[in-house]
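Engineer: Predicted model, plus sequence, below.
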Amino acid sequence: MAEGIKNRDTEPRPGSPLWIYLAVVTILGAAVLALAMSRLTPADIQLLASSPAFWIVAGLICFGELRPIVTPGSTEEDGGTTSTIFTFALLLHVGLPVAALLQAAATVLAGVLTRKAPFRTAFNVAQYCLSLGAAALILRLFEVSPSPADPWVVDGAHLLMVGLAAAAYFVANDGLVGTAVALHEREPIARTLRSDLAYQALVNVALLSMSPIVVVIMNRAPALLSLLVLPLVAVYTNASISLKREHQAHHDGLTGLPNRKLLITRAAEALSDAHRYERRVGLLLLDLDRFKEVNDTLGHPTGDRLLQLVAYRLRHGVRPGDIVARLGGDEFAVLLPSVRDTSAAREVAARVRAALAEPFRLDGMFFHLEASIGVALCPDHAPDCQLLLQRADVAMYVAKERRLGVAIYDAAKDRNSPARLGLLGELRRAIDRGELDLHYQPKVSVADGEVLGMEALVRWHHPARGLILPEEFVPLAEQSYLMRSLTSYVVERALAQAAEWWADGLRVQIAVNISARDLLDSNLVDVVSAGLLRHDIPPTAVQMEITERVFMNEPGHAMETIEALAGSGIALALDDFGTGYSSLVRLRRLPVREIKIDASFVRRLANGGDDAVIVASIIDLARALGISSVAEGVESEATLAALRGMDCDAAQGWHLGRPMEAGRATAWLAERVPRQPLQAEDPFLPAP
Ligand code: C2E
Ligand code: MG
Ligand code: MG
């Protein structure tokens, strides 16, 4: 309920059930208020005006309305207000007319000052008048009908009667507000009421039980009323501090939208409701296709403002009750807590895209953004929250890769089995706990054995299963948003190692493998550049290996990232060459300086035959284009000799050096690489 409430200011459509309900309640409330006021005599008013206790209480009511108690998990509307204490006290002490009138005045005042929609203020006034009316009716049954001229003072013997009146007030108030919320969010009324009954009851019992005490004070020593201010202020301060903390922990600082954590909580709530009420929950994951250009060309402050505008449009593009969250970078999510079917979810996705299609105006310029949206539904595509996120992510990946705009999750395009998904969850934890390690495999010159670089290869030390090789988890991570974290982790570790070696005078280039998905992610270039800066090493200290298979699908987005990487001075290698389809023309256009010939061709080299012909022509071709060639998987001297005969530039393989953990790699390097001491004019120190 908490997030949907923000949309509640949009006026309901005339004739809709909510509109009819609000109109009926407002009219009834107005009638009660009019009736009550007609019983207020000029003598009453004079009496009140001259009573300091009345003015103090009036002030406290206004204060309460202006500063509702907002606590974590509650909202402005359902958090309760301390004005309840005093209006109910007035009801007991001097009767319905005064209580209703003051409450109405305070509500209108607060409505105007906080710019609430008039229809909402009118409803709130009516809701209070009706609730107070219900309590007054109960008192009447006990023949209690006080007035300013004939005030009533509660004593211990009246506890039951006052309790019943308070119960009537609570039931009426909670029922009236709860029904409005339910109609607004299109939820069953009983369910909405039940959902936070315990919380509401607690707050209201706490507030209403103060009222009889206030009555006694008003009667005996009105000046003491001012002593109530301090505890009230304490409650407010406390509540607002914890609210602020809670808010910070669950919201994105830039856009104010819920973050991943809150999204997951809300999704879990929606899912448990969905099971109970046999409905569907939808999740849209959204990635902005051209955000990076803005960020790069105009800088982060402009990018940030653009994200704020995007957040605003998203919030206003979804249906009431839908929850928009920011997951980080340019990734947003929309939770649909209740959705009819896939086509309804697709409709929301289309609306969201339409909301973003209109160009954004910033600093007098127009920006066109496009979003790729992946959609998954529970229970159709996923039984639980974690899977729902993953499957929406798979769909988003499909949408982005194939430039579909919107893609609904399709199991046929998802290679995730339950066992693999379990592993994915564990991988996430492993990344968080730093259970992944990098091993380093040398790359050496075929001609003279000179060390040309080290390739970082990730290893997972699983607490139960032992060592897991990347083949088993990298493709898995590639299908999910985890790839981003995995790559950031590997890049960070590799850069830290490079910095260590360079500082030690061992100037070797570290190669990092990146996946096709990383290239669709506008974040990668930033991660690498920031890392280089932080570790104070030049771009030449790293190389990125891109697998050739990237080009088997639509490579449009990938090209943007590749060019950005090359543009920032990072050397690129085309990995697993020969397994994809790189045409000559493409190779010439790509900013790569190196190709790594896949081990499947290299392994059979020594036997001669077709493979030898292929490898030899790849090497020739690369040389003609000014690109150096590296043979992967060199396991024997014979293979190395064959490569030498073909004039291959470099080689990697067990014969030359296996992947080694960092300590051994350092020792291995120290024996083979001449140390170059640090000098002030070092080429790799940042230019002055
Ligand atoms: P790759 O980049 O082509 O790496 C070469 C793979 O061949 C490595 O396997 C390496 O251990 C293995 N290898 C090297 N020399 C020989 C040899 O002489 N004989 C044989 N049989 N194998 C050899 P590894 O470490 O299991 O990695 C497999 C693949 O996983 C890598 O292929 C790379 O595509 C991917 N990968 C590894 N680390 C990362 C990473 O940090 N990020 C990403 N995105 N992918 C990674
Ligand atoms: Mg590689
Ligand atoms: Mg390879």
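Structural biologist: Thanks, I have it. Ligands and ions are numbered 1, 2, ... in the order given.

Engineer: From D536, how far out is V673?
Structural biologist: 20 Å (Cβ to Cβ, to the nearest Å). C-beta here means a position set from N, CA and C on the backbone, and glycine is covered the same way.

Engineer: between those two, which one's more packed in?
Structural biologist: Neighbour count, other Cβ atoms under 10 Å: between V673 and D536, V673 has more, with 18 against 13.

Engineer: Let me know the pLDDT of N204.
Structural biologist: N204 is assigned a pLDDT of 87 by the prediction.

Engineer: Spatially nearest residue to it, not counting backbone neighbours?
Structural biologist: F170 (4.7 Å; Cβ to Cβ, 6 or more residues apart in numbering).

Engineer: what helix or strand does the one you found sit in?
Structural biologist: helix 159-185 (DSSP states H and E).

Engineer: quick one: average pLDDT of that helix?
Structural biologist: 93.

Engineer: Tell me which residues touch N523, please.
Structural biologist: G329, R484, S488 (Cβ atoms under 8 Å, 6 or more residues apart in numbering).

Engineer: Closest one of those residues to ligand 2?
Structural biologist: The closest of the contacts of N523 to ligand 2 turns out to be S488 (Cβ to the ion; 17.9 Å).

Engineer: how many other residues sit next to that closest one?
Structural biologist: S488: 20 surrounding residues under other Cβ under 10 Å.

Engineer: Report whether the helix or strand where it lies contacts ligand 2.
Structural biologist: For S488, the element it lies in under DSSP H and E is helix 482-503. No: using Cβ under 5 Å from the ion, we find that helix 482-503 stays clear of ligand 2, coming within 11.6 Å at best.

Engineer: That helix near ligand 1 anywhere?
Structural biologist: Yes: contact of helix 482-503 with ligand 1 (Cβ under 6 Å from any ligand atom) involves V490.

Engineer: Which positions in the stretch 301-450 of the chain make contact with ligand 1?
Structural biologist: Residues of the stretch 301-450 of the chain lying near ligand 1 (Cβ under 6 Å from any ligand atom): Q441.

Engineer: so where's the chain shaky on pLDDT?
Structural biologist: Counting by pLDDT under 70, the chain has low-confidence residues at 1-10, 69-80, 412-421, 552-555, 581-585, 678-688.

Engineer: Now find how far off-centre the longest strand seen in it is within its chain.
Structural biologist: As assigned by DSSP state E, the longest strand anywhere in the chain is strand 451-462. Taking Cα atoms, centre = their mean, to the nearest Å, the mean C-alpha location of strand 451-462 is offset from the chain mean by 32 Å.

Engineer: buried residues in it?
Structural biologist: If you call a residue buried by 16 or more other Cβ atoms under 10 Å, then strand 451-462 has these buried ones: V451, L452, G453, M454, E455, A456, L457, V458, W460, H462.

Engineer: Neighbours of P337, how many?
Structural biologist: 25.

Engineer: That one against R266, yeah?
Structural biologist: Yes: if you go by Cβ atoms under 8 Å, P337 and R266 touch, sitting 7.4 Å apart.

Engineer: Mind splitting the chain into its structural domains?
Structural biologist: Listed by automatic domain parsing, the domain ranges of the chain are 17-250, 260-414, 434-670.

Engineer: quick revisit: quick check: neighbours of the longest strand of the chain in the sheet, parallel or antiparallel?
Structural biologist: If you go by DSSP bridges, strand 451-462 pairs up with strand 436-445 (antiparallel), strand 466-468 (antiparallel), strand 509-514 (parallel).

Engineer: quick check: angle from it to helix 482-503?
Structural biologist: In terms of direction (axes from the mean of the first three to the mean of the last three Cα atoms, to 10 degrees), strand 451-462 departs from helix 482-503 by 130 degrees.

Engineer: Please export the C-alpha coordinates of strand 451-462 as CSV.
Structural biologist: The C-alpha atoms that make up strand 451-462 are tabulated as CSV, following Å, rounded to 0.1, in the frame of the first residue of the first chain:
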residue,chain,number,x,y,z
VAL,A,451,56.6,-12.8,-21.6
LEU,A,452,54.0,-10.6,-23.4
GLY,A,453,51.2,-10.7,-20.9
MET,A,454,49.1,-12.6,-18.4
GLU,A,455,45.5,-13.6,-18.9
ALA,A,456,43.3,-13.4,-15.8
LEU,A,457,41.0,-16.5,-15.6
VAL,A,458,38.4,-16.6,-12.9
ARG,A,459,38.1,-19.5,-10.4
TRP,A,460,35.4,-20.2,-7.9
HIS,A,461,36.3,-21.9,-4.6
HIS,A,462,33.0,-23.3,-3.6
